[in-house]
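Q: Pasting a predicted model and its sequence here:
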Amino acid sequence: MEMHDTMARELLDIKAIQIKTDDYFTWTSGIRSPIYCDNRLTMSYPDVRKQIVSGFTGIIDEMNEQPDVIAGCATAGIPHAAWLAEELDLPMVYVRSKPKKHGLENRIEGHLHKGERVLVVEDLISTGGSSIEAAEALRQAGADVLGVAAIFTYGLKKAHQQFDEANLDFWTVTDFDTVVQLLANDGTLTDTEQNELKEWRAHL
């Protein structure tokens with residue numbers, strides 16, 4: 001899992017991933033967490049962006065079917081979908097969180113044809129809700145959704161359950177367990193902090 005380790009290190013170095021066991025973060029969902037991942041920061045680091053694209057192409061190489069189209073989730077998944085589509089010379093679309101309220105009232109922006117194989121690109125998977133909603137919108141438009149590729153996942157049980165219920169695969173370039181293990185190996189996390197992080201994740 002060399003790519004998992006490399007990507008985890010990159011995200012930690014640019015402080016896209018931060019850990020505070022003494023003063024929890026609050027996610028948009030209201031969940032209180034000792035770890036926070038903000039992959040929007042990666043846009044400012046060309047070398048990190050290239051590592052992410054390399055991670056995504058590695059995932060695609062291992063897939064049983066290859067995508068015809070790359071779809072970005074609004075908003076943070078859009079730039080990564082664009083860079084990946086450019087690397088692969090594939091068409092790209094993006095999926096709004098809600099249909100546009102004016103003009104054509106599109107939920108999906110860009111040309112998508114029925115039956116096309118689509119890989120959804122997301123920056124982060126927490127509970128999985130937004131990624132699954134985007135995938136369902138694409139399915140309703142007639143796409144054959146191959147799955148979701150994201151930069152990072154917290155590995156929450158709820159996410160796995162929701163993806164299973166949606167009959168949807170997902171893959172990530174790195175994850176919670178890799179980050180915790182790296183920091184433990186570095187001596188950055190105490191045993192107490194490691195246990196707190198693992199217990200927090202186990203209860204969600």
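A: Arrived safely, thanks for sending.

Q: Spatially central residue in this structure, please.
A: residue 150 (2.5 Å; C-alpha atoms, centre = their mean).

Q: Can you mark which positions in the helix or strand that residue falls within are buried?
A: Assigned by DSSP states H and E, residue 150 falls within strand 144-153. Neighbour counts over strand 144-153 (16 or more other C-beta atoms under 10 Å) mark 145-153 as buried. The way it works is simple: take the backbone N, C-alpha and C, and place the C-beta from them, glycine included.

Q: With just CA atoms, put the longest helix seen in the chain into PDB.
A: Secondary structure of the chain per DSSP state H: the longest helix is helix 46-62. What follows is helix 46-62, C-alpha atoms only, in PDB (Å, rounded to 0.1, in the frame of the first residue of the first chain):
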ATOM      1  CA  PRO A  46       0.600  21.000  -7.800                       C
ATOM      2  CA  ASP A  47       2.800  18.100  -6.700                       C
ATOM      3  CA  VAL A  48       0.100  16.800  -4.300                       C
ATOM      4  CA  ARG A  49      -2.500  17.100  -7.100                       C
ATOM      5  CA  LYS A  50      -0.400  15.000  -9.300                       C
ATOM      6  CA  GLN A  51       0.000  12.400  -6.600                       C
ATOM      7  CA  ILE A  52      -3.800  12.300  -6.300                       C
ATOM      8  CA  VAL A  53      -4.300  11.800 -10.100                       C
ATOM      9  CA  SER A  54      -1.700   9.100 -10.000                       C
ATOM     10  CA  GLY A  55      -3.600   7.400  -7.100                       C
ATOM     11  CA  PHE A  56      -6.900   7.600  -9.100                       C
ATOM     12  CA  THR A  57      -5.300   6.200 -12.200                       C
ATOM     13  CA  GLY A  58      -3.900   3.300 -10.100                       C
ATOM     14  CA  ILE A  59      -7.400   2.600  -8.900                       C
ATOM     15  CA  ILE A  60      -8.800   2.700 -12.400                       C
ATOM     16  CA  ASP A  61      -6.100   0.300 -13.600                       C
ATOM     17  CA  GLU A  62      -7.300  -2.300 -11.100                       C
END
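
Q: Need the distance between the two termini of stretch 61-75.
A: 25 Å (C-alpha to C-alpha, to the nearest Å).

Q: Going by neighbour count, list what's buried in that stretch.
A: Going by neighbour count (16+ other C-beta under 10 Å), the buried part of stretch 61-75 is 67-73.

Q: Can you lay out those residues as CSV showing distance to residue 188, secondary structure and pLDDT?
A: Below are the buried residues of stretch 61-75 laid out as CSV (distance: C-beta to C-beta, whole Å; DSSP: H, G, I helix; E, B strand; the rest coil; pLDDT from 0 to 100):
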residue, distance to residue 188, secondary structure, pLDDT
67, 37, coil, 98
68, 42, coil, 98
69, 40, strand, 98
70, 35, strand, 98
71, 36, strand, 98
72, 33, strand, 98
73, 31, strand, 97
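
Q: Understood, closing this out.
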